[in-house]
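A.B. asks: Let's see this in three dimensions:
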Amino acid sequence: MVEEAEGREGRHYSDEELQDLVSSTDSGAREPTNRAVAWLIAGTALAWSLFQLWIAQPQLWFGALLPVLNSSQTRPIHLMFAIFLAYLAYPAFKRSPRHHVPIADWALAIVAAFCCFYVFWFSDTLAMTARSGLPTDTQVVIGSVGLIVLLEASRRALGPALTIVGSLFLLYAWFGQGWLIPNLIEHEGLSFTSLINAQWLDTAGVFGIPLGVSTAFVFLFVLFGSLLDKAGAGNYFIQLAFAGLGHLRGGPAKAAVVGSAMTGLISGSSIANVVTTGTFTIPLMKRVGFTNEQAGSVEVASSVNGQIMPPVMGAAAFLMVEFIGISYVQVIKHAFIPAVISYIALVYIVHLEALKKNMPALGESKSFLGMILKFFIGFAVFGALFTGLIFFVGLLEGALPALAAPILMVALGALYLLLVAVAARRPDLHMDDPNDPEIKLPTVGEVYATGLHYILPIFVLIWFLMVEQQSPAKSAFYAVSFMLFIIITQRPLKALFRGQASETGSEFVGGLYDLRDGLIAGARNMIGIGVATAAAGIIVATVTKTPIGTELAGLVEQLSGGILILMLIFVGLFSLILGMGLPTTANYIVVSSLMASVVVSLGAQEGLIVPLIAAHLFVFYFGIMADVTPPVGLASFAAAAVSGGDPIRTGFTAFFYSLRTVALPFLFVYNPALILYGVDLTTVWGVLQAVFIFVVATFAMLLFAAATQGYFLARSRIWESAALLLVAFTLFVPGFWLNQIQSPFISVPPAQFEEAVAEAEPGERLRLLIRGPDFNTGDMTETTLVMEIEEGTAQERIDASGLLLWTDEDTVRMDEPMFGTTTAEKLANFDFYAEDPVELAQVLSPRDRLPKQVFYIPALLLLGLVILLQRRRQTVPAF
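C.D. replies: Presented below is the predicted three-dimensional model:
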């Protein structure tokens, strides 16, 4: 670890400099002194937020008066706002003026907005011309200019990396061949007209799925967080975290972790999260014994992980919905356990740091185990109440279907009034000065009641997502609508409940100002995301129009030698390298477009069935790590600016703290149960199974954290750390050891395939090894196909799978599967019309064997040995 004596002190930034650091990254650093220009920027941002709310509302009450816009019309308007604001809010260079907008920027902003507006206004004309393959010269010129100004806006808002990557993909798509282009990915090249058509005029490039997700989902969630923050929820969450954890040993660090997890609901930006919570938590961490770098690193590690924390995750999570074709609820389900155990492990890591240095508590010390017990009791009570509410609402909707919604709205309003009345009895929360010589930490009793009404819009969001199973857009709209009501009414209601009726009018006006500021801040925070998703569409279109996707995947496969673990390491490094200059969303789009399907296919070749969601989460996790890792870890630089530590050393220390986040993607690729894949949460058995997985995974992750920190009950010797890693690995992936001693399958000759299908029970899975010529190269390749056994006869089951088989002596040959089936998609890379046939090479049927959990026994015995040895050296309590 980094010791205090070794650290090179960096300079402390003022509050103004820190806010400038956040704004220059997230919302634009330009603040014009000319009131008219400032009002224009603010008014444009406000109009953007209102436009997004207008198109998001689900009732379409205006349909009889105004035309309802479709996605090909809303996406250009979305980008028009983003790109116009990008030129006005982001200076061209560091030395460019920040207090006025140069003429050149005005010209670029207007031209860029026009190019987007053209796509909106002439969407019907484009559908009959360019999108039918017949673009006009005028359309090509406008598209060319649009791409150029988009790439420049990307450079200003996000840095040069995405602009460079996008430009290289454009050049590759255009030329196709050249001395810089490897033979493996050569192609004939697109004509200039075809290139512009595909990238700007069509609906699959700049205005494709990534921008569509930004338009439909992401804006509303960013706006939701902005309004929550403006209402005061950010300060409430931080104070609540300190009230609950600040009294523990190393409490400020633990509170920083939990506070950052909660403020992840508000800020999708790692840098904003670091600065918002770090200005309070980092000085307090330093006071109890953390070095500058350690304090900054804890804040970085906890803030960056806010993007993986359900129910409100980063923008990339919404892209998964479109790329994979699953609901957002499913994404939340799969991401929940890794995210939660990652935060639990980080709390434990800072606890171990406190034990190593015997750090004091701030104020009267309290029991860590006692706090954990209270948390689980509270979680169980909340779960029971939530389940009871679901049951009650179901009865109400069954008894009074027409009145259920109005009754629930009245009940929600009454609950809101009650919680605001409770909050009004206590003074409003104010952030204390962390540098005050005497710190008096608040208690949970003093804090929790002051902001319970902030939980209601989050509850509304979760209810519509998880219970009502509504779309993310509709769920976010209802949550934002309730948030609009709260931000306007909470201040006058508090004045009224406090007996200050004369101030009700001024407080109502203050609420309107808060609403205005929240809407403007939400739009400005979306500038970078809107531009990033549009620019990333260039990469997506290039991947679909050229062979780079399949061929680059083949290159990675060759480099890895067909070994999945090496391939995963290469993909992780690829994500980290790209992420050094790309925001998480753009990084995810690029790497998932190129690599996610390759991970799945290569796993199938090794006989390992990797769920597509696991491959996408793998890329996502490594994408967020780019905000941590030097030399371009922006979150680490922001934390160092607050702590006064060395940014490079802070980045390396934060990466060391984040090893759990690096390890998790590998673990859930090899054990998809960790992301609850295949676990049915609608049954009691499924819920119990999920609870078991969560408990075991949490225990394993704590042991992994102890091993990597070199401290458990006492300072660990090398072999003890190795033993803890072995125990953690066994708990995470017990099937690995079982596979070494007992094969999971029985090999059935291909000629007996029909008999194996007939004997299989419904719900079982047969694994079919398919071998044949590759469609692109002609080389022989193979893959593993999973066949789900359904009800019916053997022939009915085979027909349902889409397989077309016929026997030629001892060989079972395959024709091209039935069009439209999942089998046809998975076998699309085979050439069924080549001279060499595609054949069924092997059938693997599941066999009865020992439960894999039997390996928990030797793992726990080894853990017991480590505990026994360390207890002799233990000098401080473990908790």
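A.B. asks: make it CA atoms for all contacts and neighbour counts henceforth
C.D. replies: Will do.
A.B. asks: For stretch 301-308, the averaged confidence score.
C.D. replies: Mean pLDDT, computed over stretch 301-308, is 77.
A.B. asks: Same question for stretch 732-750.
C.D. replies: Computed over stretch 732-750, the average pLDDT equals 86.
A.B. asks: ok now that stretch, how far from the chain's centre?
C.D. replies: Mean C-alpha position of stretch 732-750 versus that of the full chain (C-alpha atoms, centre = their mean, to the nearest Å) differs by 33 Å.
A.B. asks: So which bits of it are buried?
C.D. replies: 732-735, 738, 744-745, 748-750 (16 or more other C-alpha atoms under 10 Å).
A.B. asks: How far does the helix with the most length in the chain sit from its chain's centre?
C.D. replies: Selection of the longest helix in the chain by residue count, based on DSSP state H, yields helix 368-399. Put simply, helix 368-399 sits 26 Å off its chain's centre (C-alpha atoms, centre = their mean).
A.B. asks: go on, stretch 540-552?
C.D. replies: Worked out by C-alpha atoms, centre = their mean, stretch 540-552 lies 24 Å from the chain centre.
A.B. asks: Would you mind writing the CA trace of it as CSV?
C.D. replies: Provided in CSV are the C-alpha atoms of stretch 540-552 (Å, rounded to 0.1, in the frame of the first residue of the first chain):
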residue,chain,number,x,y,z
VAL,A,540,-22.1,0.6,-35.1
ALA,A,541,-23.0,1.4,-38.8
THR,A,542,-19.4,0.6,-39.9
VAL,A,543,-19.6,-2.8,-38.1
THR,A,544,-22.8,-3.7,-39.9
LYS,A,545,-21.7,-2.5,-43.3
THR,A,546,-18.2,-4.0,-43.4
PRO,A,547,-16.6,-7.3,-42.4
ILE,A,548,-14.7,-5.7,-39.5
GLY,A,549,-17.0,-7.2,-36.8
THR,A,550,-16.5,-10.8,-37.8
GLU,A,551,-12.9,-10.5,-39.0
LEU,A,552,-11.6,-8.6,-36.0
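A.B. asks: Could you confirm residue 784 falls within a strand?
C.D. replies: Yes: according to DSSP: H, G, I helix; E, B strand; the rest coil, residue 784 belongs to a strand.
A.B. asks: I'd say it and residue 767 touch.
C.D. replies: Yes: the criterion here is C-alpha atoms under 8 Å, and residue 784 meets it with residue 767 at 6.4 Å.
A.B. asks: Following the chain onward from the longest helix of the chain, which element is next?
C.D. replies: Reading on from helix 368-399 to the C-terminus, the next helix or strand found by DSSP states H and E is helix 404-424.
A.B. asks: If you count contacts, what does whichever strand or helix holds residue 655 end up packed against?
C.D. replies: According to DSSP H and E, residue 655 maps onto helix 647-657. Counting contacts by 3 or more C-alpha pairs under 8 Å, 6 or more residues apart in numbering; DSSP states H and E, helix 647-657 packs against helix 292-304, helix 634-643.
A.B. asks: pLDDT averaged over it, what's the number?
C.D. replies: 82.
A.B. asks: again, but for stretch 252-260
C.D. replies: 79.
A.B. asks: returning to what we had before: looking at residue 784 and residue 767, which has the bigger crowd around it?
C.D. replies: Neighbours were counted for residue 784 and for residue 767 using other C-alpha atoms under 10 Å; residue 784 has more, 26 against 20.
A.B. asks: which residues sit in contact with the spatially closest residue to residue 341 that is not a sequence neighbour?
C.D. replies: Excluding the flanking residues, the one nearest residue 341 by C-alpha to C-alpha, 6 or more residues apart in numbering is residue 698, at 5.3 Å. By C-alpha atoms under 8 Å, 6 or more residues apart in numbering, the contact list for residue 698 reads 341, 344-345.
A.B. asks: Quick one: name whatever helix or strand follows the helix holding residue 655.
C.D. replies: helix 659-670.
A.B. asks: How far away from the center of its chain is that following helix?
C.D. replies: 15 Å.
A.B. asks: Over to stretch 661-676?
C.D. replies: Distance, centroid of stretch 661-676 to centroid of chain: 15 Å (C-alpha atoms, centre = their mean).
A.B. asks: hey, C-alpha coordinates of it in CSV?
C.D. replies: Output in CSV follows, covering the C-alpha atoms of stretch 661-676 (Å, rounded to 0.1, in the frame of the first residue of the first chain):
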residue,chain,number,x,y,z
THR,A,661,-14.9,-5.3,-10.0
VAL,A,662,-12.2,-6.6,-12.3
ALA,A,663,-12.6,-10.2,-11.1
LEU,A,664,-16.4,-10.3,-11.1
PRO,A,665,-16.9,-10.3,-14.9
PHE,A,666,-14.7,-13.4,-15.3
LEU,A,667,-16.6,-15.2,-12.5
PHE,A,668,-20.1,-14.6,-13.9
VAL,A,669,-18.9,-15.7,-17.4
TYR,A,670,-17.9,-19.0,-16.0
ASN,A,671,-20.7,-19.2,-13.5
PRO,A,672,-23.8,-17.4,-14.9
ALA,A,673,-25.7,-18.2,-11.7
LEU,A,674,-24.0,-15.2,-10.2
ILE,A,675,-26.1,-13.0,-12.4
LEU,A,676,-29.2,-15.1,-11.6
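A.B. asks: Use 59 as the first number for this chain going forward.
C.D. replies: Renumbered: residue one is now 59, and that last one reads stretch 719-734.
A.B. asks: now the strands: where do they sit in the chain?
C.D. replies: For the chain, the strands defined by DSSP state E occupy 803-806, 823-831, 838-846, 862-866, 869-873, 896-904.
A.B. asks: distance between the second one and the chain's centre?
C.D. replies: If I follow you right, that is strand 823-831. The answer for strand 823-831 is 33 Å, by C-alpha atoms, centre = their mean.
A.B. asks: now the residue nearest to residue 399: how far from residue 750?
C.D. replies: 10 Å (C-alpha to C-alpha, to the nearest Å).
A.B. asks: try residue 276
C.D. replies: Counting by C-alpha to C-alpha, the gap from residue 276 to residue 750 is 33 Å.
A.B. asks: and the two? which has more neighbours close in?
C.D. replies: The neighbour comparison of residue 276 against residue 750 (other C-alpha under 10 Å) goes to residue 276, with 28 against 12.
A.B. asks: Assess the claim that that one and residue 374 are in contact.
C.D. replies: No: judged on C-alpha under 8 Å, residue 276 makes no contact with residue 374 at a distance of 9.1 Å.
A.B. asks: who touches residue 925 in this structure?
C.D. replies: residue 771.
A.B. asks: ok, it to residue 791 distance?
C.D. replies: 22 Å.
A.B. asks: Could you check how far residue 320 is from residue 282?
C.D. replies: For residue 320, the distance to residue 282 - C-alpha to C-alpha - is 14 Å.
A.B. asks: repeat for residue 535
C.D. replies: From residue 535 to residue 282 the distance is 9 Å (C-alpha to C-alpha).
A.B. asks: So for these two, which sits in the more crowded spot?
C.D. replies: residue 282 (30 against 25).
A.B. asks: Would you agree that one is in contact with residue 540?
C.D. replies: No: if you go by C-alpha under 8 Å, residue 282 and residue 540 don't touch, sitting 9.8 Å apart.
A.B. asks: re the thing from before, of the helices and strands packed on helix 705-715, give the one that comes closest to residue 765.
C.D. replies: Among the helices and strands packed on helix 705-715, the nearest to residue 765 by C-alpha to C-alpha is helix 350-362 (17.7 Å).
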